[in-house]
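Trainee: structure for this input, please:
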Amino acid sequence: IPILFYGTLTSRRKRTLQMLRSNDLPIFHANAQTDGTFAPALDALILSAAIVLDLKAFDSTKTREWKMPRLAKLLAAGGPPPGG
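Mentor: Residues are numbered from 1 along each chain as shown. Here you go, the predicted structure:
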């Protein structure tokens with residue numbers, strides 16, 4: 001998988017993914033609620049990804065989102081290190 005995003009598809013994330021895909025970026029979206037991807041299946045996707053994309057869930061200039069559980073899952077699965 002060239003680029004993996006996993007998580008709930010909020011309106012902000014949907015807009016961002018649409019913009020990236022319109023520039024021919026091959027992004028695979030996995031979500032436990034919609035397609036049942038979690039636990040070992042998610043770990044396998046993380047390991048097969050060249051890039052794991054982390055997207056802010058909401059539009060806000062007043063808060064900074066940093067989800068430690070998301071980072072911990074990525075590192076525990078042995079996935080690629082996060083980039084800035």
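
Trainee: sec struct for Arg12, please.
Mentor: helix (DSSP: H, G, I helix; E, B strand; the rest coil).

Trainee: let me know whether Arg12 touches Ala57 as I believe.
Mentor: Yes: with contact defined as Cβ atoms under 8 Å, Arg12 and Ala57 form a contacting pair (6.5 Å). To be clear about C-beta, it is placed using only N, CA and C from the backbone, and glycine gets the same treatment.

Trainee: where does pLDDT dip in the chain?
Mentor: Along the chain, the parts satisfying pLDDT under 70 run over 61-67, 70, 81-84.

Trainee: all helices for it, in order.
Mentor: With helices called from DSSP state H, the chain shows them at 11-22, 32-35, 39-48, 68-76.

Trainee: helices and strands around the last one, which ones?
Mentor: Think helix 68-76. For helix 68-76, the contact count by 3 or more Cβ pairs under 8 Å, 6 or more residues apart in numbering; DSSP states H and E identifies helix 39-48 as packing neighbours.

Trainee: can you put the helices of the chain in a markdown table and add mean neighbour count and distance to Ile1?
Mentor: Below are the helices of the chain laid out as a markdown table (neighbours: other Cβ atoms under 10 Å; distance: least, Cβ to Cβ, whole Å):
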| stretch | mean neighbour count | distance to Ile1 |
| --- | --- | --- |
| helix 11-22 | 13 | 14 |
| helix 32-35 | 11 | 14 |
| helix 39-48 | 14 | 5 |
| helix 68-76 | 13 | 14 |
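
Trainee: Ile27 contacts Ile3, correct?
Mentor: Yes: Ile27 lies in contact with Ile3 (Cβ under 8 Å); the separation is 4.5 Å.

Trainee: mutual contacts of the two, please.
Mentor: Common contacts of Ile27 and Ile3, defined by Cβ atoms under 8 Å, 6 or more residues apart in numbering, comprise 20, 53.

Trainee: okay, Gln33 and Leu25: tell me how far apart.
Mentor: From Gln33 across to Leu25, the span is 23 Å (Cβ to Cβ, to the nearest Å).

Trainee: go on, Ala49?
Mentor: 13 Å.
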